[in-house]
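Visitor: Predicted model, plus sequence, below.
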Amino acid sequence: MRSIVFLLAALACAPVTGSYAAGMAAASAASVNFGRDSAALDAADAAVIARQAEALRDDPDIVVTLRGYADDMSSAAYGLAVGQKRLEAVRMALRSAGISPRRIRTEIHPGELADGATCTDDDCGQHWRRVDMFLGN
């Protein structure tokens, strides 16, 4: 019995590879990008959210974590406020697609660059103006 438990534990930790893994990765994480000072969703965003909602409907045991980011091109308070509005826009789109609020978690993160630099142009800031969606348990 013990060897079966060890075998199952090893299989559970084994990496998933191939096209199945690529499909799972694509379905389990997605991003919605926003314009500067905006929380508006466009048609491309709606399609991304619809795919995530479909995956959630297909598996009632998973939840989605929405992680909102904001660029650091304005005050921290403003960045957090607009990031929260972006999170709310994505959350409401998921709710409109029939996803229960109990299955939607949210997190807000201020814009931070790994090397401590700040964004000084729109291209840099665009990276941070997003909401990432992660499917999992």
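Guide: Done, it's in.
Visitor: Low-confidence regions, this protein specifically.
Guide: Low-confidence segments of the chain, defined by pLDDT under 70: 1-27, 72, 110-125.
Visitor: top helix in this structure by residue count?
Guide: helix 76-96 (DSSP state H).
Visitor: What residues sit buried inside that one?
Guide: Within helix 76-96, the residues that count as buried by 16 or more other Cβ atoms under 10 Å are 79-80, 82-83, 85-87, 89-91, 93-94. No exception for glycine: its C-beta is placed from N, CA and C like everyone else's.
Visitor: R36: which of those is nearest?
Guide: V82 (9.1 Å; Cβ to Cβ).
Visitor: isn't that closest one right up against A70?
Guide: Yes. The pair V82 / A70 is scored as a contact, 5.6 Å apart, by Cβ atoms under 8 Å.
Visitor: shared neighbours of these two, anything?
Guide: When contacts are counted by Cβ atoms under 8 Å, 6 or more residues apart in numbering, the set common to V82 and A70 is empty.
Visitor: Send me stretch 57-72 as PDB with only the CA atoms.
Guide: Output in PDB follows, covering the C-alpha atoms of stretch 57-72 (Å, rounded to 0.1, in the frame of the first residue of the first chain):
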ATOM      1  CA  ARG A  57     -18.600  26.900 -16.200                       C
ATOM      2  CA  ASP A  58     -17.000  23.700 -17.500                       C
ATOM      3  CA  ASP A  59     -15.400  23.000 -14.100                       C
ATOM      4  CA  PRO A  60     -17.500  24.100 -11.100                       C
ATOM      5  CA  ASP A  61     -14.600  23.200  -8.700                       C
ATOM      6  CA  ILE A  62     -12.300  25.900  -9.800                       C
ATOM      7  CA  VAL A  63     -12.100  29.600  -9.000                       C
ATOM      8  CA  VAL A  64     -10.600  32.600 -10.700                       C
ATOM      9  CA  THR A  65      -8.100  34.900  -9.100                       C
ATOM     10  CA  LEU A  66      -8.100  38.400 -10.600                       C
ATOM     11  CA  ARG A  67      -4.800  40.200 -10.000                       C
ATOM     12  CA  GLY A  68      -5.000  43.900 -10.900                       C
ATOM     13  CA  TYR A  69      -2.000  46.000 -11.700                       C
ATOM     14  CA  ALA A  70      -1.500  49.800 -12.200                       C
ATOM     15  CA  ASP A  71       1.400  51.700 -13.600                       C
ATOM     16  CA  ASP A  72       3.500  54.000 -11.400                       C
END
